[in-house]
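Undergrad: with the input below, show me the fold.
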Amino acid sequence: MVAGMGTVLLFLSLMVIVMYGTAWFFKRFAHLFVEEEPEGSHLAMLAPDDTVDIAVAVAAIRRYIG
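TA: Here you go, the predicted structure:
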């Protein structure tokens, strides 16, 4: 039982260390991982009929929830 609990503690400790290490890495080298922004907004990419359907669906959900 002690060996199992020790294994779990070791695994969780290693996981925390790796998470802190990756956070440090991506903060330090974030300039190498630049994501391109899409042109225009997401709603601009939809057809005009889609925006109306979305607005109707959102209104129906808000009315149903209260």
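Undergrad: give me the secondary structure label for the residue nearest the centre of the chain.
TA: Note on the chain: the residue nearest the mean C-alpha position is E35, at 14.3 Å, using C-alpha atoms, centre = their mean. Here E35 is recorded as coil under DSSP: H, G, I helix; E, B strand; the rest coil.
Undergrad: residues touching it, list them.
TA: The contact partners of E35, taken as C-beta atoms under 8 Å, 6 or more residues apart in numbering, number zero. For every residue, glycine as well, the C-beta is placed using N, CA and C.
Undergrad: how close does it get to R62?
TA: From E35 across to R62, the span is 32 Å (C-beta to C-beta, to the nearest Å).
Undergrad: with F26 instead?
TA: The separation that F26 has from R62, given C-beta to C-beta, amounts to 38 Å.
Undergrad: for G21, same thing?
TA: In terms of C-beta to C-beta, G21 sits 44 Å off from R62.
Undergrad: try I54
TA: As judged by C-beta to C-beta, I54 and R62 stand 13 Å apart.
Undergrad: neighbour-wise, which of the two wins?
TA: The neighbour comparison of I54 against R62 (other C-beta atoms under 10 Å) goes to I54, with 12 against 9.
Undergrad: return the set of buried residues in the helix or strand that contains that one.
TA: When secondary structure is defined using DSSP states H and E, the element that contains I54 is helix 48-65. Of the residues in helix 48-65, none is buried under the neighbour-count criterion (16 or more other C-beta atoms under 10 Å).
Undergrad: tell me what that helix is packed against?
TA: Under the contact criterion of 3 or more C-beta pairs under 8 Å, 6 or more residues apart in numbering; DSSP states H and E, helix 48-65 touches no helix or strand at all.
Undergrad: go again using 10 Å as the cut-off
TA: Contact here means 3 or more C-beta pairs under 10 Å, 6 or more residues apart in numbering; DSSP states H and E; on that basis helix 48-65 packs against helix 42-45.
Undergrad: can you list the low-confidence ranges for the protein?
TA: Within the chain, the segments meeting pLDDT under 70 span 37-49.
Undergrad: kindly list the longest helix within it.
TA: Ranked by residue count, the top helix of the chain under DSSP state H comes out as helix 2-28.
Undergrad: list the helices and strands that one packs on?
TA: Secondary structure elements in contact with helix 2-28, counted by 3+ C-beta pairs under 10 Å, 6+ apart, are absent; no helix or strand qualifies.
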